[in-house]
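# give me a 3D structure for the following:
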Amino acid sequence: MRFALPLLFALALVPPAHGQSASAEAPSSGSLARLSNEAQALARQVRRAVVQVKVRRVQGLQGSGQGSARLSEVSGTGSGFFVDSAGFVVTNAHVVSEATEVWVQRAAPPPPPPGEESLLRPRGSLLKAEVVGIDTETDVAVLDVSGTGYPTLPFGNSDRLRRGQTVFAFGGPMGLENSMTMGIVSATARQMRPGDPMVYVQTDASINPGSSGGPLVNTAGEVVGLNTFNVSKSGGSQGLGFAGPSNIVEAVYRQIRAHGHVRRGTIGVNAQTITPEMAQELKVSQGYRVVLGDVSPGSPAERAGLRPGDIVTHLDGERMHNGRELDVNLYPKVGATVTLGVVRKDSTFEQRVRVVRRENPSARFHEMADAEDHLVGRLGILGLPLTDEVAQHIPNLRVPSGVVVAASNRPAAPWGDRLRPGDVLYTVDGERVTGPGDLSALLQSDETDGRVLAHVLREGRMHYLVLPVE
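Numbering: from 1, shown residues only. I've put the predicted structure just below:
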């Protein structure tokens, strides 16, 4: 079913022309009624497939009196939606990351017939869910619940989104089940910072805490984005909501369904989106969207003759609109040879390149970690000792001992520092660290103002980080 909401919405806002009566030019009550009816029909179509995602996590806390760490459970909520009638649900990775239990609560049953209404509506069924896989890079997770015949939402083509297009955000903000908000697309490929690998659909449809993982849909009821976060000084919606584009979300979902994780194909380049400022400095047409900022030595791209500064226009005949799109479209092509459309100075040519699998050592670290043996509660991490098995997954290892960060649930400090999976803690306040137990003991005995100076190996380079200690 196709809806005419954008047109009707525009008609509803047209003011009467000068010199004409308001009754002659104002939209009729019939137009407003059709707008309302179409919105209600869309809500009925979408709501059945939207769910709340409820999780429990183990969290490390400092014990009272003795100073030792203890474990406690905390709960959280997010949103999601069915994409397969066999019970597969898409949500955000951060909603279910490191959860010990995951449940999916379906939408409440539809209202009863007139005359049988009740002020107390029954809640939807609560289903135990298994995490099929998560991908932190795109913030996408796939869940599976038992049973069949679930209502689903289809993926739309996010490349066809246009600024000003009407969209609707569904989810459970603040735990308010199956809420619906209306807005427009503010931008179609927004990077939060220059050079960020992920791009987002920006919308002014309200996205609040708890909306994460819900669908952003167009007027046809197709998912065009995965509601992910908002930017706000108060924490509530201020018209700055961001959703992962559906084309990226769908590609990641299908990889997780097939393999349990994302097998990322790569050709060994840093594909950057060409901004208007970059286009001006590069002296290229703004119709070009992707430039190679780097070509790794020894990579398939270098062996094929690609160079930094090359502009990529197409991948296997498909137009590339941003650097992230090129990366994501290479993911499922591991082992294949692709054809790139390339512009170099005044020449245009096609180049065939072999796609290889990109290594992701941090995923291996998470699999190796145990919540009880490797918890360093005061830093909010799971830390692995630097054994020979762990060390072989760390590129350019320069320190003989330390603690490898397998996972972290601590947000960045107000000054910006944080630990990431794959980091190697070498020293804390100048003291060498040999293992997670040693690190925990060092933090317990440390008499500071709630933070420590850590020397950390990250991607082959040493960094000093000031970390909060809780």
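
# CA only for contacts and neighbour counts going forward, please
Noted.

# wait, what's in contact with the spatially most central residue of the chain?
By Cα atoms, centre = their mean, the mean C-alpha position of the chain lies nearest to Asp139, the distance being 2.6 Å. Residues in contact with Asp139 (Cα atoms under 8 Å, 6 or more residues apart in numbering) are Asn92, Ala93, His94, Thr228.

# 10 Å instead, please
Contact analysis of Asp139 by Cα atoms under 10 Å, 6 or more residues apart in numbering lists 91-95, 97, 198, 213, 226, 228, 244, 249, 252.

# and the pLDDT at it?
On pLDDT, Asp139 comes in at 91.

# could you check how far it is from Thr427?
Asp139 sits 31 Å away from Thr427, going by Cα to Cα, to the nearest Å.

# next: Ala271.
35 Å.

# out of the two, which sits in the busier spot?
Ala271 (26 against 19; other Cα atoms under 10 Å).

# the helix or strand containing the more buried one: partners in the sheet, and parallel or antiparallel?
Following DSSP states H and E, one finds Ala271 within strand 269-273. If you go by DSSP bridges, strand 269-273 pairs up with strand 290-295 (antiparallel).

# residues in contact with the partner strand?
For strand 290-295, contacts defined as Cα under 10 Å, 6+ apart pick out 195, 267-275, 278-279, 282, 301-303, 305-314, 320-326, 342-343.

# ok, then the element right after the helix or strand Asp327 falls within?
Following DSSP H and E, the helix or strand that holds Asp327 is helix 323-330. Sequence-wise, the next helix or strand downstream of helix 323-330 (DSSP H and E) is strand 337-344.

# ok, then the element right after that next one?
Assignment by DSSP H and E places the next element after strand 337-344 at strand 347-354.

# OK, contacts around the closest residue to Ala412 other than its chain neighbours?
Excluding the flanking residues, the one nearest Ala412 by Cα to Cα, 6 or more residues apart in numbering is Arg418, at 4.7 Å. Each residue near Arg418 by Cα under 10 Å, 6+ apart is listed here: Leu379, Ser408, Arg410, Pro411, Ala412, Leu465, Val466, Leu467, Pro468.

# between those, which is closest to Pro436?
Leu379 (10.9 Å; Cα to Cα).

# wait, what's in contact with the closest one?
Listed by Cα under 10 Å, 6+ apart, the contact set of Leu379 reads 60, 408-410, 418-419, 439-440, 443, 451-452, 467-470.

# same question for Phe82.
48-51, 88-91, 106, 142-145, 150-154, 215.

# would you mind listing which of those residues are buried?
Taking 16 or more other Cα atoms under 10 Å as the criterion, what is buried in these is 48-51, 88-91, 106, 142-145, 150-153, 215.

# tell me the domain ranges of this structure?
Using automatic domain parsing, the domain parsing of the chain gives 5-47, 49-262, 265-357, 361-468.

# which of the ones you listed comes out lowest on mean pLDDT?
domain 5-47 - the lowest mean pLDDT of the domains of the chain, at a mean of 63.

# follow-up on the earlier one: what subset of the contacts of Arg418 is buried?
Leu379, Ser408, Leu465, Val466, Leu467, Pro468.

# can I get those residues in a markdown table including distance to Leu32 and secondary structure?
Output for the buried ones among the contacts of Arg418, formatted as a markdown table (distance: Cα to Cα, whole Å; DSSP: H, G, I helix; E, B strand; the rest coil):
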| residue | distance to Leu32 | secondary structure |
| --- | --- | --- |
| Leu379 | 55 | coil |
| Ser408 | 50 | strand |
| Leu465 | 57 | strand |
| Val466 | 57 | strand |
| Leu467 | 55 | strand |
| Pro468 | 54 | strand |
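
# three-state assignment of Tyr253?
Secondary structure state of Tyr253, per DSSP: H, G, I helix; E, B strand; the rest coil, is helix.

# wait, it touches Val328, no?
No - the criterion here is Cα atoms under 10 Å, and Tyr253 misses it with Val328 at 11.8 Å.

# and these two? Which one has more around it.
Taking other Cα under 10 Å, Tyr253 and Val328 do not tie; Tyr253 has more neighbours (26 against 20).

# would you map the helices across this structure?
5-12, 22-25, 29-47, 93-96, 246-259, 276-282, 300-303, 323-330, 361-368, 388-391, 436-445 (DSSP state H).

# for these, give me CSV that also has distance to Pro173.
Listed next are the helices of the chain as CSV, based on distance: least, Cα to Cα, whole Å:
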stretch, distance to Pro173
helix 5-12, 24
helix 22-25, 38
helix 29-47, 14
helix 93-96, 13
helix 246-259, 21
helix 276-282, 36
helix 300-303, 44
helix 323-330, 28
helix 361-368, 30
helix 388-391, 40
helix 436-445, 37
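
# so which of these is the most packed in?
helix 93-96 (a mean of 23; mean count of other Cα atoms under 10 Å).

# counting contacts, what elements does that one pack onto?
strand 50-62, strand 69-84, strand 99-105, strand 126-135, strand 140-145, strand 223-230 (3 or more Cα pairs under 10 Å, 6 or more residues apart in numbering; DSSP states H and E).

# one more time with 8 Å, if that's ok
strand 50-62, strand 69-84, strand 126-135, strand 140-145 (3 or more Cα pairs under 8 Å, 6 or more residues apart in numbering; DSSP states H and E).

# Provide the contact partners of that helix at residue level.
With Cα under 8 Å, 6+ apart, helix 93-96 has contacts from 53, 55, 76-78, 102, 131, 134-136, 139-141, 212-213.

# just the buried members of these?
53, 55, 77-78, 102, 131, 134-135, 139-141, 212-213.

# quick check, nearest of those to His393?
Asp135 (18.7 Å).

# quick check: the gap between Val405 and Arg461.
15 Å.

# for Asn329, same thing?
With Cα to Cα as the criterion, Asn329 and Arg461 are 30 Å apart.

# next one: Pro308
23 Å.

# between the two, who's got more neighbours?
Pro308 (16 against 10).

# got phi/psi on that one?
Note on Pro308: its backbone torsions stand at phi -60, psi 140 [degrees, to the nearest 10].

# could you number the chain from 508 rather than 1 from now on?
Got it, first residue is 508 now, which makes that one Pro815.

# distance of it from Pro804?
Counting by Cα to Cα, the gap from Pro815 to Pro804 is 11 Å.

# ditto for Met705
24 Å.

# then Gly663?
38 Å.

# the two: which has the busier surroundings?
Gly663 (20 against 11).

# can you pull the contacts of that one?
Contacts for Gly663 (Cα under 8 Å, 6+ apart) come out as Glu729, Val730, Val731, Ser753, Asn754.

# roughly how far apart are it and Glu729?
Distance, Gly663 to Glu729, using Cα to Cα: 5 Å.
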